[in-house]
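In: Sequence first, predicted model second:
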Amino acid sequence: MSRRWLLIPVLLSLAGIALGMVWVDWSKGGAGSGLYSREWQPDPVQGYWDPDRFYQPVVSVEGVFPAAECITCHEALTPGIVADWRDSRHSKPANRAPVACPDCHGADHQKLRMPTPKVCAECHAVQHDAFQSEKQYGFPSHVLAMERATDSKHFADKPKAETTACVQCHSVATKCDSCHTRHRFEAAEARRAEACTTCHSGPPHPDDETFYGSAHGKRYLADAATTDWSKPLRKGNYLTPTCAYCHMRNGQHVVADKSIWQFGLRQVNPNTAENKVKRERWIEVCTDCHDEDFSRRQLNELDRERTQAWHGLNRTERLLRELRSERAIYPAAGERPPYPTDWMDAWFPKERIGFFEGQASSFYNVSPIERDYFEMWYFANLGAYKASAHGAPALVKEGHEALAHAEKSIATQAGNLRAKARGPRPDPRPLWTEGEYTAHNRKHN
Amino acid sequence: MSRRWLLIPVLLSLAGIALGMVWVDWSKGGAGSGLYSREWQPDPVQGYWDPDRFYQPVVSVEGVFPAAECITCHEALTPGIVADWRDSRHSKPANRAPVACPDCHGADHQKLRMPTPKVCAECHAVQHDAFQSEKQYGFPSHVLAMERATDSKHFADKPKAETTACVQCHSVATKCDSCHTRHRFEAAEARRAEACTTCHSGPPHPDDETFYGSAHGKRYLADAATTDWSKPLRKGNYLTPTCAYCHMRNGQHVVADKSIWQFGLRQVNPNTAENKVKRERWIEVCTDCHDEDFSRRQLNELDRERTQAWHGLNRTERLLRELRSERAIYPAAGERPPYPTDWMDAWFPKERIGFFEGQASSFYNVSPIERDYFEMWYFANLGAYKASAHGAPALVKEGHEALAHAEKSIATQAGNLRAKARGPRPDPRPLWTEGEYTAHNRKHN
Amino acid sequence: MSRRWLLIPVLLSLAGIALGMVWVDWSKGGAGSGLYSREWQPDPVQGYWDPDRFYQPVVSVEGVFPAAECITCHEALTPGIVADWRDSRHSKPANRAPVACPDCHGADHQKLRMPTPKVCAECHAVQHDAFQSEKQYGFPSHVLAMERATDSKHFADKPKAETTACVQCHSVATKCDSCHTRHRFEAAEARRAEACTTCHSGPPHPDDETFYGSAHGKRYLADAATTDWSKPLRKGNYLTPTCAYCHMRNGQHVVADKSIWQFGLRQVNPNTAENKVKRERWIEVCTDCHDEDFSRRQLNELDRERTQAWHGLNRTERLLRELRSERAIYPAAGERPPYPTDWMDAWFPKERIGFFEGQASSFYNVSPIERDYFEMWYFANLGAYKASAHGAPALVKEGHEALAHAEKSIATQAGNLRAKARGPRPDPRPLWTEGEYTAHNRKHN
């Protein structure tokens, strides 16, 4: 065979890569952001969550102002933020002139900017670099929070009110005042548990509930008012652990460097070489107060809890796969509206089961039993995981009861679906899986 | 036609009005209170929730006592309240003699009274007048809380333990110590979030959960212990907002003057002339700390969230109406026990759907799918609304997930009901919709 | 009949008793503890929850050390606990040498012990004796918490992660640092509400939720930071009640001496002679702040709430009994795998309904409708009870709504089961009630 023929696949591949890049570029060119940016519209508030992409300054005030004039005017207009700033170190740094309004927002009122992490990095490069370094751990991580959220297909399918809520918290990647409230920006504030729990709460990440459900959290509740939060997060400085004390060792702006179980979403091998390194990082933290033997047994206990949870999840996923092979899941994938940008799925519909078979839209637009399995995997499972990781015994019990409840309920439904698979069946589609529900979300996202 | 004939409808109308007044008067003459007072009995504790109607003094202690003697005796008997009073401004006012026990309770121990708002108004007329002025905004409002609760049919049908719990919180209209705990009655206490959240919590009004789920709430948790709560609720006095700071501008005893979305229970037009005035009142509050553009975008975001929630609610209500017209709801209204005082319904039973078709007893004594719709409308919907209004992103997500979950579940049930409408069906009535459940509640309320 | 024949039953009984004792002894000889100790394995962390039975010291450090050397080393290794100890009264008692590491843990590092209540009793005999005296009130009580937990059959059947969580809290019986966090052991800490709520929270004992949902809890939240917790728990010393203030009158280490409604799990007669004595103990506490009439009405209101809840529970249990007699519960007891140690049940399977017909394994491994009834009885019912007892109106409503929701759902299922009882039925067994679910738990517990 001549060399000429070898060139064909090479050229085709190169063309494919080029076309793929054009395709991704085109996908990202919509009104929203991410790979599905053409499938959704940002709400106006998004200018504040992701200022780099979406912020548009107000043009009704004209002029270029020095800090003193900003303050005079805003002291009358919005006294709260001025008072906050006066309380902050920004207003009275040790070795330099105050960091005032124009330093972060610019001076031209018609071109005001909302500060992005890059703006903060002009002074706080160490923290910013550490924050960026989280990319090496992949996702879940703070630095990739916005990117990975907006790269999800479900931005087209989920109710808009939900995706907007998603983006508000995932904006931890695109601005710094998620943790340091404006315009006080105190480190002391971010060391406290409250700094994290606006976002880290609720079924998909019940850190609030499970930290406060632990002995650590209870001691925090009792001690916080009399603790000196101005001290750095170093070994021995605090007798009551907080989110930052354990997850941001020495105040380092990295939280993913000890993440073994990947937020509870994946079944992992906790004993890989990488996870063994992470485990030793945990032991280093725990032994600030607990002996090493106790700490290791607790971490092992978490592995045991995870093994049990995943047994149940895998068992249930297997059941759903069986139902699929028996054609008992109804409506099946081919009977559901294809995902708008997913051409392969439109042509060759595949009844995907669970989240990791690859259908992000398993959130919505699926048969009821699939949605129930999704909630079991996401909400019940994460409740159990976080409770075990944070040491909240009543919530470990609650999480595993929720897993058992879901398993019972899915098994019952499976029985009914199998019985119905042999006769005429009621059709749950018209409202939930297609027609109005999905149509409405797709039209309005 | 002679003038004589015109008199007949006029006279009939007048007679009808007179008879209506007699009927209402008779209705209100029962052991309970409100339009259905003949359908329920007040529990003894109600004397403390609605003292004007129900309080009966203890007659075992005889005598007329001056304050000093009350204190001597109660210091030994109930030292807590005496200590509270000693801490209060009542015990040491600036320009007058102390406000002591007999001033509020009377001096004759056999004729003691529990103070009503009118008693407090003897000194605090400004606050009382403002409180009464809420009537202009209709319900929901604090001043009408008790009246509208006891005018509801479901006082006959709901489990008694629930209606008693309802009345305990709705007593905010009939006594002042709901917000100012006895016998300290501090303004400083009522300015804090804790003053409101004993009642404003739980599925029907999750203000507690959603405030604490917001960045406002988190900052409150972190700052409350070091904040000076003795300052008036004026612009610039507080850097952390609380319920009262935003909803009772300048300490004014009116909360309904900014209420646009009516507690989330009704679909409203947020852009009526009246609501535009209310919106500007909000902007005035928000701009204490936030810029106007940000504030307007946030309020618009709430409108967007509401529009989405109501799309789902209306879609589901339409589905229920379809089921009704297909005779698929089971048991239908005619198969349910008529509401005791509703003669029209007893003679011409109508299968009402949802809350606003007029059946307050949609809470109970309805088919399972109707009750599920009620819970979707009341609990899931209010969770989403309050979370959006208070800025709690994780709970916006949770609320809309609960709405979606309810929609999925109702759609599935609807499919089953339609299938069953063609064949013999299991009868869910014996326990839940009639027979023992309803009979027991009606007998014991 | 000769006397000889009378001897036979006596001897048989004696032999039976002896055999029973041998049987119990053998049962308790397994790897776990309690009557079913041969059915489960303790996780390694259990050494810390129940040190007397399971703690194994670490043998990698050799030597016998005086306190000063312990401290030198652990100041570097685990500075947190050393700092805690330095803060504690143990490090600087008034009239004796410090209570240091070897006093509680022993001095030989290869034979270290984790302190049991008996170790603490060497100095704190009064508290320990009071704690032990709770045995007279039976269970629920702190002192019997571990014993009664591990004597339950469901240690074989419940998911291991749950039983481990159970044991963590039930370890209140087997160590003292459940309430007094190590190594500070302050009375001041245990007087606060946070000391109790790590365990007293969640569906099976929602004391956390319901205390904080009450006016008492709200006042605690507002006042805790400015309260002097070093004062003894005596009448008049505290204006804001906490768990310990009401349940451990005068700091007495007994909480069961006022327990009338038995944690809400049983329907009791609140007016037995014993309960009347307990009621007067409550009145004594309540009247620290409330008048006697108010206090009695509140306690009666709780009785009324309980009566209503039990009406619903009994009504639902009756329905399940009817289903059983109609052979409509599926799978029936004979179709379920017998409990491993229950020989009688294996030979003569009995379809037990509810918890008190005697089947501890009603938690799992039962038909779906039975599990739903279990959750109604345990979770919805306890939510209602605790809310009423603690005075949390929104949660009384929520609890009774949950009871009503469960009743509706069970009634609907009952209708379906009755319809299905006449035809071929889907089989919910393979996953939930036998096969993998139960098999997995039994194998891994």
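Out: That came in fine, so what should we check first?
In: What distance do you get for the closest residue to A:Trp229 other than its chain neighbours to A:Val24?
Out: In space, and not counting its chain neighbours, A:Trp229 is closest to A:Ala188: 4.0 Å by Cβ to Cβ, 6 or more residues apart in numbering or on different chains. Glycine gets a C-beta too; all of them are placed from N, C-alpha and C. Going from A:Ala188 to A:Val24 by Cβ to Cβ, to the nearest Å gives 43 Å.
In: Compare the two (neighbour count), which wins?
Out: Just comparing A:Ala188 and A:Val24: by other Cβ atoms under 10 Å in any protein chain shown the higher neighbour count belongs to A:Ala188, 15 against 11.
In: is it true that that one touches A:Leu233?
Out: No: in this structure, A:Ala188 is not within contact of A:Leu233 by Cβ atoms under 8 Å, at 10.7 Å.
In: per-residue confidence at A:Glu436?
Out: Here, the pLDDT recorded for A:Glu436 equals 59.
In: List the buried residues for the longest helix seen in chain A?
Out: For chain A, the helix with the greatest residue count under DSSP state H is helix A:292-325. Residues A:293-299, A:301-306, A:308-313, A:315-317, A:319-320, A:322-324 are the ones in helix A:292-325 that count as buried (16 or more other Cβ atoms under 10 Å in any protein chain shown).
In: That helix near chain C anywhere?
Out: Yes: interface with chain C: helix A:292-325 contributes A:292-294, A:297-298, A:300-301, A:304-305, A:308-309, A:311-312, A:315-316, A:319 (Cβ under 8 Å from any Cβ of the partner chain).
In: my read is the residue nearest to A:Trp229 is in a strand, agree?
Out: No: under DSSP: H, G, I helix; E, B strand; the rest coil, A:Ala188 sits outside any strand and is assigned helix.
In: and the gap between it and A:Cys120?
Out: To A:Cys120, A:Ala188 is 17 Å away according to Cβ to Cβ.
In: Kindly report the same for A:Leu77.
Out: A:Leu77 is 24 Å from A:Cys120, by Cβ to Cβ.
In: And A:Gln262, by the same measure?
Out: Note on A:Gln262: its distance to A:Cys120, by Cβ to Cβ, is 28 Å.
In: Those two: who's more crowded?
Out: A:Cys120 (19 against 16).
In: for the more buried one, what are its contacts?
Out: The neighbours of A:Cys120, taking Cβ atoms under 8 Å, 6 or more residues apart in numbering or on different chains as the test, are A:Cys104, A:Gln127, A:His128, A:Cys176.
In: Just confirm it is within a strand.
Out: No: applying three-state DSSP, one finds A:Cys120 to be helix, outside a strand.
In: contacting residues for A:His216?
Out: Each residue near A:His216 by Cβ under 8 Å, 6+ apart is listed here: A:Thr240, A:Pro241, A:His390, A:Gly391.
In: So which of those sit within helices?
Out: Among the contacts of A:His216, the ones falling in helices (DSSP H) are A:His390.
In: most surrounded residue in the contacts of A:His216?
Out: Greatest neighbour count in these, by other Cβ under 10 Å, goes to A:His390: 24 neighbours.
In: Find the nearest non-adjacent residue to it, please.
Out: Spatially, and ignoring its direct neighbours in sequence, A:His390 is nearest to A:Thr210 (4.1 Å; Cβ to Cβ, 6+ apart).
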